[in-house]
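**Q** Sequence first, predicted model second:
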Amino acid sequence: MAYSYTATHTDATNVGNRMQTAENAIGGTPTLPSPVVSNDNVAFLKARADALLLSFGHQAYSEAASLGSTSTSSTTYVDIGDGAATGFSTFAWTAPVAKTYVVQVAVDGYLSVLGANGFLHYRLLVDGSEPAGHPTAENRFAFSEANVRRRITFSVPVLFTAAAHTLKLQWKVGDAGSTANVNSTFEMRSLRITG
């Protein structure tokens, strides 16, 4: 993004004073560059504007086909395949600022064997952990017949730090009599991050 701004000393002084007043009202003692017109001051303001704008709206999107077929009969959460040759790959993303974002998950799957309740559960992991506030019902889906593929969607609020993160999906079945599957030909997963 390119910027063009011709500032006068008065403009820079006014902007610097307003920012200092606002930041002091919030608390702390931030260090701002001097309000003398310079490329450093303009660069500071541009960087601050970019950081604010980057933290709103659409942040990232990842869509991936299944790497290879996989299945599970586990009643505790496990990775969907190995992420290299089977199941779904992970997604690496760098948050521009620390705040709560929403990760919208869409994933395909099916039950080849239905147990007593026919539930298939998914969860999102961020850096290897389930985020606080992860849904417990929205990510559980009931199947009434075997071998019928569904696209399952749910959203997870995640408090990200301003750093690089790795996102991946896990799954489990609702009872020991069920088997969940991902087929290498048809299944997809997508992760959309908004803030």
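**A** Happy to help now that I have it.
**Q** What are the structural domain limits within the chain?
**A** 9-54, 59-194 (automatic domain parsing).
**Q** This structure: strands as residue ranges?
**A** Along the chain, counting by DSSP state E, strands occupy 58-65, 70-72, 78-79, 91-94, 99-113, 119-126, 140-142, 150-160, 164-173, 179-182, 188-194.
**Q** Please tabulate the ones you listed in JSON lines and include mean pLDDT as additional columns.
**A** Below are those laid out as JSON lines (pLDDT from 0 to 100):
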{"stretch": "strand 58-65", "mean pLDDT": "90"}
{"stretch": "strand 70-72", "mean pLDDT": "96"}
{"stretch": "strand 78-79", "mean pLDDT": "97"}
{"stretch": "strand 91-94", "mean pLDDT": "94"}
{"stretch": "strand 99-113", "mean pLDDT": "94"}
{"stretch": "strand 119-126", "mean pLDDT": "95"}
{"stretch": "strand 140-142", "mean pLDDT": "88"}
{"stretch": "strand 150-160", "mean pLDDT": "93"}
{"stretch": "strand 164-173", "mean pLDDT": "96"}
{"stretch": "strand 179-182", "mean pLDDT": "95"}
{"stretch": "strand 188-194", "mean pLDDT": "94"}
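**Q** So for residue 85, which of those sits nearest?
**A** For residue 85, the closest of the strands of the chain is strand 70-72, at 9.1 Å, according to Cβ to Cβ. Placement of C-beta: from N, CA and C, glycine included.
**Q** Neighbouring strands - and their directions - for that closest one?
**A** Next to strand 70-72 in the sheet, as set by DSSP bridges, lie strand 179-182 (antiparallel).
**Q** Just the buried residues of stretch 139-156, please?
**A** By neighbour count on 16 or more other Cβ atoms under 10 Å, the buried set for stretch 139-156 is 139-141, 143, 152, 154, 156.
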